[in-house]
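Trainee: Provide a 3D model corresponding to the input given below.
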Amino acid sequence: MTNKIAIFLGLLIAAGLIWDFGWNERDASFFMARKTIELIEWVAFWR
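Mentor: Next comes the predicted model:
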């Protein structure tokens with residue numbers, strides 16, 4: 001991964017979080033956080 005791609009992805013993620021905070025009252029962020037925790041627990045189970 002080049003620096004340009006890493007910066008672009010970082011800015012894209014930051015823009016998504018800013019949008020979610022401003023217009024969606026962080027519902028999408030909380031949903032993705034819960035699903036990520038569930039995925040980590042599921043993967044740990046199969047380890």
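Trainee: what's the following helix or strand after whichever helix in the chain runs longest?
Mentor: If you go by DSSP state H, the chain has its longest helix at helix 3-23. Using DSSP states H and E, the helix or strand that follows helix 3-23 in sequence is helix 27-45.
Trainee: buried residues in that next one?
Mentor: Across helix 27-45, burial judged by 16 or more other Cβ atoms under 10 Å covers no residue at all. C-beta: built from backbone N, CA, C; applies to glycine.
Trainee: so it versus helix 3-23, what angle?
Mentor: Interaxial angle of helix 27-45 relative to helix 3-23 (axes from the mean of the first three to the mean of the last three Cα atoms, to 10 degrees): 120 degrees.
Trainee: Please name every helix or strand in contact with helix 27-45.
Mentor: helix 3-23 (3 or more Cβ pairs under 8 Å, 6 or more residues apart in numbering; DSSP states H and E).
Trainee: what's in contact with the helix it packs on?
Mentor: 26-29 (Cβ atoms under 8 Å, 6 or more residues apart in numbering).
Trainee: C-alpha coordinates for that helix, CSV please?
Mentor: Below are the C-alpha coordinates for helix 3-23, written out as CSV (Å, rounded to 0.1, in the frame of the first residue of the first chain):
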residue,chain,number,x,y,z
ASN,A,3,1.2,6.5,1.1
LYS,A,4,-1.3,8.0,-1.2
ILE,A,5,-3.7,5.1,-0.9
ALA,A,6,-3.2,5.1,2.9
ILE,A,7,-4.0,8.8,3.2
PHE,A,8,-7.0,8.5,0.9
LEU,A,9,-8.4,5.6,2.9
GLY,A,10,-7.8,7.5,6.2
LEU,A,11,-9.6,10.5,4.9
LEU,A,12,-12.4,8.4,3.6
ILE,A,13,-12.9,6.8,7.0
ALA,A,14,-12.6,10.2,8.7
ALA,A,15,-15.2,11.7,6.4
GLY,A,16,-17.6,8.8,7.1
LEU,A,17,-17.2,9.2,10.8
ILE,A,18,-17.8,13.0,10.5
TRP,A,19,-20.9,12.4,8.4
ASP,A,20,-22.2,9.8,10.8
PHE,A,21,-21.6,12.1,13.8
GLY,A,22,-23.3,15.1,12.1
TRP,A,23,-26.3,13.6,10.3
